[in-house]
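**Q** sequence and predicted model, in that order:
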There are 4 protein chains.
Amino acid sequence: MEKQQSLEQCIKSCLECMEACNICYDSCLKEEDLKMMVSCIRLDRECADICALAVKSMQSNSPFVNQICILCAEICEACGNECKNHHHEHCQKCAEACFKCAEECRKFAA
Amino acid sequence: MEKQQSLEQCIKSCLECMEACNICYDSCLKEEDLKMMVSCIRLDRECADICALAVKSMQSNSPFVNQICILCAEICEACGNECKNHHHEHCQKCAEACFKCAEECRKFAA
Amino acid sequence: MEKQQSLEQCIKSCLECMEACNICYDSCLKEEDLKMMVSCIRLDRECADICALAVKSMQSNSPFVNQICILCAEICEACGNECKNHHHEHCQKCAEACFKCAEECRKFAA
Amino acid sequence: MEKQQSLEQCIKSCLECMEACNICYDSCLKEEDLKMMVSCIRLDRECADICALAVKSMQSNSPFVNQICILCAEICEACGNECKNHHHEHCQKCAEACFKCAEECRKFAA
């Protein structure tokens, strides 16, 4: 039962992180100070894509769900650490979603 | 404003359809009458994957969002038509989510 | 037999285009004149991702292979048209791979 | 230089494994003894999808390329171990491609 609750929380957090990263990616590409956003652009894409894979693995009962969630947590953390350095609202929101997702992925995979 | 509402509705329907397809895929692989579920297994995967792509394109403001949503609607409809023939609860739920998603994708892309 | 030849040619062209787009994406993110490369960065990602989906659909005998290849051709053409405007070698190579891939996708789907 | 060689070898092995898994997935869905092929069907999809992600990460210079390749190796090994139990030619070919890919991914990530 706790595992099921943790699964649902983790899916929810991954979907929120995926959305925040996709929006941040699009927003970063429109910023004036583009040079500063390069790592953010790159990490947003990595993070949105691994969150999508983690959701698929959780929803379809993949035998590798734990390993995928551990990798997802690592990428979320890196993306959050980059985004939190930028004052743009989309970056701040994204950082928050990334850290939350990293936490839920680690909890679920434990 | 209406376009924005339609976008949010379409993302929501794609996420619900993706979840229903991923669950149906896993459930079909556990059914006894596996021979009957082959098309369902195949279409669930196609449909979950195109829904994921459609969500990414909508959230990240892809220049191809309309074309991707039109393709998504077509695949959703095919998946719904297959799933509705099976009495399993996961298939019936999936068919409903597929038809809803096809409708929202067409509305959004119009 | 001709369909089989065309399939193999199309898979090959999609894989080459995917590689060129992934390399161009990475290279664009390292360019000095970043502002000019924004559309290129975005289209490289769209194009690499749809090429990957097209390859999956061809290799796994998807019932939607024609529709996916037609969409792939459209995205390849857009990406090629953007890349051909930039003098960087990675952009020129990418444009060439995109146009070739668009042609093969259209031929296969015909 | 050795890293570059190892990268090219690893991309090649991932592409061959992806192809073998996609073909094996399609072929398994057409087999008579479908019940026996359930794990194979599931693992073929997991493996083809992670190989595609590994190729993307290597071609686009992802900061997480090592971690993704290590996960890819683990999934390839599981898929190879399942496929090698089945006498179908597509399963035997797939097993071979999986073990080769696991080896190259581990070598590259080392």
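**A** Happy to help now that I have it. Numbering: from 1, shown residues only, chains lettered A, B, ... in the order given.
**Q** does the longest helix anywhere in chain A come close to chain D?
**A** In chain A, assigned by DSSP state H, the helix with the most residues is helix A:2-28. No. Applying C-beta under 8 Å from any C-beta of the partner chain, one finds helix A:2-28 separated from chain D by no less than 14.0 Å. Where you see a C-beta, it was placed from the backbone N, CA and C, and this is true even at glycine.
**Q** can you give me the buried ones in that helix?
**A** A:7, A:10-11, A:13-28 (16 or more other C-beta atoms under 10 Å in any protein chain shown).
**Q** could you tell me which residues make contact with residue A:13?
**A** Going by C-beta atoms under 8 Å, 6 or more residues apart in numbering or on different chains, residue A:13 touches A:97, A:100, A:101, A:103, A:104, A:105.
**Q** after the longest helix of chain A comes which helix or strand?
**A** Of the helices and strands lying after helix A:2-28 in sequence (DSSP states H and E), the nearest is helix A:38-59.
**Q** please name the nearest non-neighbouring residue to residue A:64.
**A** Spatial nearest neighbour of residue A:64, chain neighbours left out: residue D:75 (5.7 Å); criterion: C-beta to C-beta, 6 or more residues apart in numbering or on different chains.
**Q** tell me the confidence at that neighbour?
**A** On pLDDT, residue D:75 comes in at 98.
**Q** residue D:45 is in contact with that one, correct?
**A** No. Using C-beta atoms under 8 Å, residue D:75 makes no contact with residue D:45, being 10.4 Å away.
**Q** which of those two has more neighbours?
**A** Set residue D:75 next to residue D:45 and count neighbours by other C-beta atoms under 10 Å in any protein chain shown: residue D:75 wins out with 28 against 24.
**Q** I would like the residues contacting whatever helix or strand that one lives in, please.
**A** Using DSSP H and E, residue D:75 sits within helix D:65-83. Residues from elsewhere that reach helix D:65-83 (C-beta under 8 Å, 6+ apart): A:63-64, A:67-68, A:71, A:74, D:10, D:14, D:17, D:21, D:24, D:39-40, D:43-44, D:46-47, D:50-51, D:53-54, D:57-58, D:62, D:91-92, D:94-99, D:101-103, D:105-106, D:108-109.
**Q** and if we set it to 7 Å?
**A** A:63-64, A:67, A:71, A:74, D:10, D:14, D:17, D:21, D:24, D:39-40, D:43-44, D:46-47, D:50-51, D:53-54, D:57-58, D:62, D:91, D:94-95, D:98-99, D:101-102, D:105-106, D:108-109 (C-beta atoms under 7 Å, 6 or more residues apart in numbering or on different chains).
**Q** so, in contact with chain C or not, the very next helix or strand once past that helix?
**A** Scanning forward in sequence from helix D:65-83 by DSSP H and E, the next helix or strand is helix D:89-109. No. Helix D:89-109 lies apart from chain C when judged by C-beta under 7 Å from any C-beta of the partner chain; the minimum separation is 11.9 Å.
**Q** can I get the CA coordinates of helix D:89-109 in PDB?
**A** What follows is helix D:89-109, C-alpha atoms only, in PDB (Å, rounded to 0.1, in the frame of the first residue of the first chain):
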ATOM      1  CA  GLU D  89      16.000 -17.100 -35.100                       C
ATOM      2  CA  HIS D  90      14.900 -13.600 -34.200                       C
ATOM      3  CA  CYS D  91      15.400 -14.300 -30.500                       C
ATOM      4  CA  GLN D  92      18.900 -15.800 -31.000                       C
ATOM      5  CA  LYS D  93      19.900 -12.900 -33.200                       C
ATOM      6  CA  CYS D  94      18.500 -10.500 -30.600                       C
ATOM      7  CA  ALA D  95      20.300 -12.200 -27.700                       C
ATOM      8  CA  GLU D  96      23.600 -11.900 -29.600                       C
ATOM      9  CA  ALA D  97      23.100  -8.200 -30.300                       C
ATOM     10  CA  CYS D  98      22.100  -7.500 -26.700                       C
ATOM     11  CA  PHE D  99      25.200  -9.100 -25.200                       C
ATOM     12  CA  LYS D 100      27.400  -7.300 -27.700                       C
ATOM     13  CA  CYS D 101      25.800  -4.000 -26.800                       C
ATOM     14  CA  ALA D 102      26.000  -4.600 -23.100                       C
ATOM     15  CA  GLU D 103      29.700  -5.200 -23.500                       C
ATOM     16  CA  GLU D 104      30.300  -2.100 -25.600                       C
ATOM     17  CA  CYS D 105      28.200   0.100 -23.200                       C
ATOM     18  CA  ARG D 106      30.200  -1.100 -20.200                       C
ATOM     19  CA  LYS D 107      33.500  -0.600 -22.000                       C
ATOM     20  CA  PHE D 108      32.500   2.900 -23.100                       C
ATOM     21  CA  ALA D 109      31.200   4.000 -19.600                       C
END
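**Q** in it, what counts as buried?
**A** Residues of helix D:89-109 classed as buried: D:90-91, D:93-106, D:108-109 (neighbour count, 16+ other C-beta under 10 Å).
**Q** how about stretch A:71-89?
**A** A:71-80, A:82-83, A:86, A:88.
**Q** turn those residues into JSON lines, including distance to residue C:3.
**A** Below are these laid out as JSON lines (distance: C-beta to C-beta, whole Å):
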{"residue": "A:71", "distance to residue C:3": "39"}
{"residue": "A:72", "distance to residue C:3": "40"}
{"residue": "A:73", "distance to residue C:3": "45"}
{"residue": "A:74", "distance to residue C:3": "44"}
{"residue": "A:75", "distance to residue C:3": "40"}
{"residue": "A:76", "distance to residue C:3": "44"}
{"residue": "A:77", "distance to residue C:3": "48"}
{"residue": "A:78", "distance to residue C:3": "45"}
{"residue": "A:79", "distance to residue C:3": "43"}
{"residue": "A:80", "distance to residue C:3": "48"}
{"residue": "A:82", "distance to residue C:3": "47"}
{"residue": "A:83", "distance to residue C:3": "47"}
{"residue": "A:86", "distance to residue C:3": "51"}
{"residue": "A:88", "distance to residue C:3": "50"}
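**Q** and the furthest pair within these?
**A** Greatest spacing in the buried residues of stretch A:71-89, by C-beta to C-beta: A:71 and A:88 (26.6 Å).
**Q** shaky segments in chain A?
**A** Where chain A drops to pLDDT under 70, the residues are A:1.
**Q** which residues of it lie near chain B?
**A** Checking chain A against chain B by C-beta under 7 Å from any C-beta, the hits are A:15, A:19, A:22, A:23, A:25, A:26, A:48, A:52, A:56, A:59, A:60, A:61.
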